[in-house]
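Peer 1: Fold the following.
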Amino acid sequence: MKHIANFVLGLSLLCGVSFTSYADDQPIKLGALFATSGWAATGGKPELNALLLAIDEINASGGIAGHKIQLITEDIRSDFPTTISAFNKLASLDKVVAIFGPNWAEFGEIVIPLAERNKVPTLMASPYSPSFSEKHSYIFTATPEFEVHVHNLTEHINKQHHNRVALVYSPSPYFEGLSQAAVDNLKAPGAHILPPIEVLPNETDFKSIVARLQSSKVDAVIAFLQEGAAVSSFFRAARGLKFNSQIYSYDISFDETIHKEPGLAEGTIFFRYSMAIDPKFESSYATRFKEASSYSAPFAYDLMYLFKQAFENCKGDLPKLNQCISSTEHHGVSGTIRFGATGVNTGIKSMTQLYRVRNGKFIALAESAQ
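Peer 2: A predicted model of the protein is given here:
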């Protein structure tokens, strides 16, 4: 993804922002960078909501080291150029101390060079891609490496005695990363893993790909395809061509079409982000926002409290804030957030549960076998 980094740096005309310690009467200005409109809003809205919940609690109890939090929110509109301009505004014009977000890997990867260049600590709940595992000083993500995401799914596949397994994926940091981790983890005895099939960006006609899979006589296919159009189009083509091989996938419950028409994916086994989350948080979130939280919302909530802890550990010494964030370990509603040397959370060892689509419903795999 070096071309993206170069593209971002080419657009960024900002100089690094240098801060000194905050005066006693100043609020702590923080930035929020989330998709609250467009296709990625299903991830952005819950993360922003959780952040607001944490901020209200912290401000009500006296703030951070006596400072109230002032949050400046930008909607990235599920768009790459908007993500860049919104980050630049928060860093250069608003001069925020830190930025929370954006959601999802596609947008998280875009801001990596911006955060490093402008020396703005950037804390993300849901993004992860292999580029996050490179050495960064100002990038932090609560989401662990992809091996943790796919572990339960690939462990299940390895036990199914498939002979020929295919993998179809969309070209994005998230789906490429999931695919590579899956290939690395698939070690079923006697199984032949076919070369992965990368689909074209914005692909919506999957009839030829499904026909190709049928002619290859695969008995299983892993579909890691972009939400919004590709994944639902794949399932529609598979049903239309009576594709009978077992399909595995990622958390397709995020896709709006699959959510409305789950029968399209009948029989599919997929991993769903499912973590042991503090019931008090779930209750507070549901009471305020009139809906259940997403898997990444507790991460966003905990990151705000981790920031508070790090800021107080630093005693407001802003030039050292990123180092304090890096060394802070927080035990919160999502579990443990502990940043490794690269800023990636190493405190979470399991974050998924397997589900099967049965009779148009998402049923836990253990229950669907009964």
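Peer 1: which residues of the stretch 251-370 of the chain score low on pLDDT?
Peer 2: 276, 368-370 (pLDDT under 70).
Peer 1: all strands in it, in order from the N-terminus.
Peer 2: Using DSSP state E, counting those that start in this stretch, the strands of the stretch 251-370 of the chain run over residues 269-273, 329-332, 335-338, 352-358, 361-364.
Peer 1: Please compute how far the last one lies from its chain's middle.
Peer 2: Think strand 361-364. Centroid separation for strand 361-364 versus its chain: 22 Å, with CA atoms, centre = their mean, to the nearest Å.
Peer 1: again, but for the longest one
Peer 2: Between the centre of strand 352-358 and the centre of its host chain there is 19 Å, according to CA atoms, centre = their mean.
Peer 1: Please apply the same query to stretch 236-247.
Peer 2: 28 Å.
Peer 1: re the thing from before, so which of the strands of the stretch 251-370 of the chain gets nearest residue 128?
Peer 2: When these are compared by CB to CB, strand 269-273 sits nearest residue 128, at 12.0 Å. The C-beta positions use only the backbone N, C-alpha and C, and glycine is treated the same way.
Peer 1: Relative to that closest one, what are the paired strands and their orientations?
Peer 2: strand 246-249 (parallel), strand 352-358 (antiparallel) (DSSP bridges).
Peer 1: buried sites along the last one?
Peer 2: Buried residues in strand 352-358, counted by 16 or more other CB atoms under 10 Å: 352, 354-358.
Peer 1: ok, now stretch 327-342?
Peer 2: Neighbour-count burial for stretch 327-342 [16+ other CB under 10 Å]: 328, 330, 332-335, 337-339, 342.
Peer 1: Next: stretch 114-134.
Peer 2: For stretch 114-134, using 16+ other CB under 10 Å, the buried residues are 114-133.
Peer 1: Quickly list the domain ranges of this protein.
Peer 2: 2-143+296-338, 147-275+352-368 (automatic domain parsing).
Peer 1: ok, of these, where does mean pLDDT dip lowest?
Peer 2: Sorting those by mean pLDDT places domain 2-143+296-338 lowest, at a mean of 89.
Peer 1: can you point me to the longest helix in this protein?
Peer 2: Assignment by DSSP state H gives helix 41-60 as the longest helix of the chain.
Peer 1: Which strands and helices lie in contact with that one?
Peer 2: strand 28-34, strand 69-75, helix 279-289, helix 297-314 (3 or more CB pairs under 8 Å, 6 or more residues apart in numbering; DSSP states H and E).
Peer 1: If you count neighbours, what's buried in it?
Peer 2: 41-55, 58-59.
Peer 1: Stretch 92-110 too?
Peer 2: Here stretch 92-110 shows 92, 96-110 as buried, counting by 16+ other CB under 10 Å.
Peer 1: I'd like the distance between the nearest residue to residue 197 once chain neighbours are set aside and residue 221.
Peer 2: Spatially, and ignoring its direct neighbours in sequence, residue 197 is nearest to residue 168 (4.7 Å; CB to CB, 6 or more residues apart in numbering). Distance, residue 168 to residue 221, by CB to CB, to the nearest Å: 6 Å.
Peer 1: Same check on residue 47?
Peer 2: On the measure of CB to CB, residue 47 and residue 221 end up 31 Å apart.
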